[in-house]
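A.B. asks: Using only what follows, build the 3D model:
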Amino acid sequence: MHRFYRFYLLGAALLSTFAFGAAPGGQALIEELSAKVQARQDWQAQARQCPSELITSGNASLKLQANRCTIAEQWGACLQRCEAGDGNDCYWLATSLQQANGPAAGYEPLYQRACSLGLVSGCTNHAAGMLAADTDSQAARHCAVQTFNKACELDDPWACTMYGFHLSRGIGVAPDVDLALKVLDKSCTFGAVDPACRGARQLQEEIRAAIRAARP
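C.D. replies: Below is the predicted model:
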């Protein structure tokens with residue numbers, strides 16, 4: 001897999017504006033919470049949908065808030081609030097379980113639930129997760145690109161970085177380096193230190209270098 005691809009797939013799973021770093025939890029707790037998520041057949045079914053289907057300008061209104069799920073002792077309460085409809089807690093619990101190396105079936109549905117509750121970053125993360133799980137699937141690539149496109153239109157930085165990458169490579173979409181450069185300009189909403197912005201700037205440099213090298 002191309003080094004940029006690995007970088008962006010990892011980065012989309014670690015959106016970082018408010019990233020405080022989840023403290024590792026005990027394995028028993030991770031297994032317990034993951035089992036509860038996997039037992040929610042409605043969440044598992046929803047996780048099989050393409051996140052782009054859940055994104056509309058009308059429902060994508062939730063803003064990413066501070067992480068209340070940074071330590072393992074908070075995770076049970078985070079799951080309860082997620083069940084009650086708190087998209088931010090769904091998102092941050094998913095991030096914590098992912099960083100703690102929990103099973104994908106225990107955290108990917110949480111990203112998708114966050115997406116369904118209006119948090120666009122959840123849509124971006126779940127699309128990246130679906131793509132990482134099946135990188136050779138044309139359907140997965142199409143779903144991911146559609147999701148990144150829609151989420152970028154709603155100003156999600158990592159979505160713009162991911163979409164710009166796909167446009168620059170022609171993966172799941174017709175190649176368009178000019179559009180890629182424009183899209184990548186939207187990756188710096190949270191400033192130059194944000195990993196989404198750093199990745200976008202690095203990719204822009206690569207695209208421009210390739211354009212210069214192709215000139216006669």
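A.B. asks: I'd like the distance between Gln44 and Cys90.
C.D. replies: 14 Å (Cβ to Cβ, to the nearest Å). All C-beta atoms are positioned from the backbone trio N, CA, C, and that covers glycine.
A.B. asks: So for those two, which sits in the more crowded spot?
C.D. replies: Using other Cβ atoms under 10 Å as the criterion, Gln44 and Cys90 rank with Cys90 on top: 30 against 15.
A.B. asks: isn't the more buried one right up against Gly122?
C.D. replies: Yes - if you go by Cβ atoms under 8 Å, Cys90 and Gly122 touch, sitting 6.8 Å apart.
A.B. asks: Skipping adjacent residues, who's closest to the residue nearest in space to the middle of the chain in space?
C.D. replies: Central residue of the chain (Cα atoms, centre = their mean): Asn125, 1.8 Å from the mean position. Spatially, and ignoring its direct neighbours in sequence, Asn125 is nearest to Tyr111 (4.4 Å; Cβ to Cβ, 6 or more residues apart in numbering).
A.B. asks: For that neighbour, list the residues it contacts.
C.D. replies: Contact partners of Tyr111, counting by Cβ atoms under 8 Å, 6 or more residues apart in numbering, are 90-91, 94, 122-123, 125-126, 129.
A.B. asks: Make TSV out of these and add secondary structure, distance to Gly170 and pLDDT.
C.D. replies: Shown next, in TSV, are the contacts of Tyr111 (DSSP: H, G, I helix; E, B strand; the rest coil; distance: Cβ to Cβ, whole Å; pLDDT from 0 to 100):
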residue	secondary structure	distance to Gly170	pLDDT
Cys90	helix	33	97
Tyr91	helix	31	96
Ala94	helix	30	96
Gly122	helix	27	95
Cys123	helix	23	96
Asn125	helix	24	95
His126	helix	23	96
Gly129	helix	22	94
